[in-house]
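> show me how the following folds:
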Amino acid sequence: MSPEDRTRLPFDTAAIDWETYMAEVHLPALRRVVSVPRPARTIAARVRTPQLAEGPPAIAFFDVEGVVLDATIVHAYAWLRTRDMPHPDRELWLLGLGARATAFRAKDRVSRAAFNRDFYQRYANLPAQELRDQAADSLSDLILPRMHHAAVRRIRQHRARGDRVVLLTGALDFLVEPLEHLADELIAARLVERVGRFTGELAEPPLTADGRASLAARLAADYDVDLADCFAYGDSLGDLPMLELVGHPHPINPDFRLSREARRRRWPVETWSTERAAI
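Reported below is the predicted structural model:
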């Protein structure tokens, strides 16, 4: 310290009564502040799973990205393309993809369906069977580490009460195939294949925000279920039409725009996260 600071802020350790300080100040403060943390599993075990609304068996619609998985179609593509790369090449490739993240988010906010259609052009001319073979490891490498276990528990609740569970995803069918056992129906994207290679074109148009609502209405009619008895789980404003349609909307980890709508409509908002424990 400068001489001026030493004069202005005098501090002499020899002037401190250390015995009094330790016994009457330091240790009592530690006893007030420090507590022994409980193991994560003990805390998790005490969290009660919210009870579902009563009513007749119906349909529960789950958006996969952001609700069932903490992942997007970009994560899946990056995993596929880099899993066999040497470490330095992988890091450089991911940096290049990450540099486009802002542009990806901007396009997604304008139209998720248009973004998906545009992004899947990156699969053009890639070997179809080779990617399907690589996807055989997607359960352990891609899906389980990003799984929201609260989603699995909620799905099991719906199955137990007799609901039909429908998973809606913009991800490619062969990548999310391990999720099929969770649901009665998994609606995913499919790429057109020619001469053993993907063209980058989607076999069916990607589901728009209104398209998901229309699909939910059609399935409810097909199974003679009242939409007022149905459930929907979404994380973004693109899920709003589907959430508005059903009697039991559940925003999960909502983005800012959906969170604002949920507060305005007094919908119950939940936060789901990944866990280290196995399913």
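
> switch to C-alpha atoms for all contacts and neighbour counts from now on
Noted.

> could you pull out the strands for this structure?
59-63, 164-172, 185-189, 191-194, 197-202, 231-234, 248-251 (DSSP state E).

> give me the low-pLDDT residue ranges for the chain?
Where the chain drops to pLDDT under 70, the residues are 1-2, 4-13, 15, 17-18, 20-50, 276-279.

> longest helix of it?
helix 209-222 (DSSP state H).

> who's in contact with stretch 100-118?
Applying Cα atoms under 8 Å, 6 or more residues apart in numbering, the set of residues contacting stretch 100-118 from outside is 73, 170, 201, 202, 205, 206, 207, 208, 209, 238.

> coming back round to it: so which of the strands of the chain gets nearest residue 127?
strand 197-202 (4.5 Å; Cα to Cα).

> would you agree residue 165 is in contact with residue 158?
Yes - judged on Cα atoms under 8 Å, residue 165 makes contact with residue 158 at a distance of 7.1 Å.

> give me the common contacts of these two.
Common neighbours of residue 165 and residue 158 (Cα under 8 Å, 6+ apart) are residue 60.

> before we move on, back to that, in TSV, list the strands of the chain along with distance to residue 92 and mean neighbour count.
Listed next are the strands of the chain as TSV, based on distance: least, Cα to Cα, whole Å; neighbours: other Cα atoms under 10 Å:
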stretch	distance to residue 92	mean neighbour count
strand 59-63	31	25
strand 164-172	24	21
strand 185-189	28	19
strand 191-194	27	16
strand 197-202	24	20
strand 231-234	33	26
strand 248-251	36	22
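
> out of those, which is closest to residue 85?
strand 197-202 (20.4 Å).

> list the helices and strands the closest one packs on?
helix 128-134, strand 191-194 (3 or more Cα pairs under 8 Å, 6 or more residues apart in numbering; DSSP states H and E).

> to residue 59, which of these lies closest?
strand 191-194 (27.4 Å).

> which strands border the closest one, and is each parallel or antiparallel?
Paired neighbours of strand 191-194 in the sheet (DSSP bridges): strand 197-202 (antiparallel).

> how far off strand 185-189 does the partner strand point, in degrees?
On the basis of axes from the mean of the first three to the mean of the last three Cα atoms, to 10 degrees, strand 197-202 is oriented at 100 degrees to strand 185-189.
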